[in-house]
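Asks: Whatever this is, show me its structure:
(one chain, ligands or ions: 1)
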Amino acid sequence: MQNLVSTLPRRHILTFALVLAGALPVASIVSKPGFAATASKPKIGIVGAGRMGGGLGSALVKGGYEVMFSSRQPEELKDLVAGLGARARAGTVEQAAAFGDIVLLVVPYSAMPGLAKQVGAVLAAKPLVLDVSNPIPQRDGDEASKALEEGPAAYLSRLMPGVKIVRGFNAIGFTKLADPVLPGGGKLGVAMVGEDAKAVDLATTLARDIGFEPVVIGPLSLGKYLYRPSTFFNGSQSADQIREIAKTIGK
Ligand SMILES: NC(=O)c1ccc[n+]([C@@H]2O[C@H](COP(=O)([O-])OP(=O)(O)OC[C@H]3O[C@@H](n4cnc5c(N)ncnc54)[C@H](OP(=O)(O)O)[C@@H]3O)[C@@H](O)[C@H]2O)c1
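Replies: Numbers count the residues shown, from 1 in each chain. The predicted model follows:
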């Protein structure tokens with residue numbers, strides 16, 4: 001404790017003391033910009049460090065999170081992590097799954113059966129697995145068709161029983177991650193679905209920390225609507241627009 005306090009910027013020491021005394025909520029620490037964020041934020045493991053996983057992980061590192069990116073060839077992530085500094089590291093899929101308090105899945109759906117065998121049991125112990133992946137049959141074949149038929153979250157829960165899933169960022173193009181603002185100003189909204197209260201809280205906090213305004217549109221069964229660009233979400237909408245569109249889903 002002494003060490004933690006001694007590393008705090010002077011302006012945060014009073015806040016910290018008030019929290020310890022019960023006079024302020026813990027949120028008053030974690031929401032302060034500039035706070036030594038890594039001491040209070042969950043660690044992130046990313047499975048799939050391509051365009052979307054790489055972009056999300058980079059935004060999270062900049063937002064104060066410690067992130068382990070992973071690849072089946074982790075040495076190929078050397079330049080990415082070197083450019084992001086001390087909070088970023090690279091590892092194997094198993095290492096990232098073990099490292100993360102929260103794990104992001106950012107892969108083609110064809111990878112899911114293999115990942116379930118490889119790290120499913122590890123993921124089941126996490127408070128949040130954020131599924132950013134989209135089942136696209138033209139790209140991912142049969143597994144995507146099955147996931148669309150069952151619903152992506154039901155499909156993942158069958159492969160990886162016990163996993164606390166939130167789906168989110170599915171319609172956000174990776175180019176928006178570094179600067180998630182609307183053309184006229186204001187934050188970009190991000191639609192999410194989830195049921196486990198703690199998982200949803202972690203996912204929405206993470207989205208806010210990288211500059212998005214999250215909107216939880218409902219339970220996991222609505223997850224199949226998150227990537228339907230022409231009909232529902234297109235990744236360029238405000239939180240209010242997402243709320244309006246959400247009212248029309250399933251009607
Ligand atoms: N691109 C976007 O703007 C965007 C936006 C929202 C959602 N998404 C969704 O996010 C997912 C990834 O899209 P992307 O555009 O980032 O694709 P990408 O650039 O091709 O990257 C895919 C990643 O998946 C990993 N991967 C593939 N098969 C794997 C397996 N069997 N086991 C473990 N990792 C595996 C690859 O890692 P290796 O290094 O091991 O090859 C690679 O890093 C897709 O489901 C996509 O629909 C994409």
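
Asks: Please count neighbours and contacts with C-alpha atoms only from this point.
Replies: Will do.

Asks: mind checking how far Tyr65 is from Ala86?
Replies: 11 Å (Cα to Cα, to the nearest Å).

Asks: More neighbours: which of the two?
Replies: Set side by side, Tyr65 and Ala86 show more neighbours around Tyr65, with 24 against 11, by other Cα atoms under 10 Å.

Asks: if I've got this straight, that one is in a helix?
Replies: No. Secondary structure of Tyr65 (DSSP: H, G, I helix; E, B strand; the rest coil): coil, not part of a helix.

Asks: what's the pLDDT at it?
Replies: Tyr65 carries a pLDDT value of 98.

Asks: Kindly report the same for the one 5 residues further on.
Replies: Ser70 carries a pLDDT score of 98 in this model.

Asks: Same question for Thr204.
Replies: Confidence score, pLDDT, at Thr204: 98.

Asks: Over to the one 5 residues further on?
Replies: Model confidence at Asp209, given as pLDDT, is 98.

Asks: surely it meets Gly63?
Replies: Yes. Using Cα atoms under 8 Å, Asp209 is in contact with Gly63, at 5.8 Å.

Asks: Which residues of the stretch 51-200 of the chain lie near the ligand?
Replies: Contacts of the stretch 51-200 of the chain with the ligand, taken as Cα under 6 Å from any ligand atom, map to 51-53, 71-73, 106-108, 111, 132-134, 169-174.

Asks: Now that we have these, which of them are buried?
Replies: Among those, those classed as buried by 16 or more other Cα atoms under 10 Å are 52-53, 71, 106-108, 132-134, 169-172, 174.
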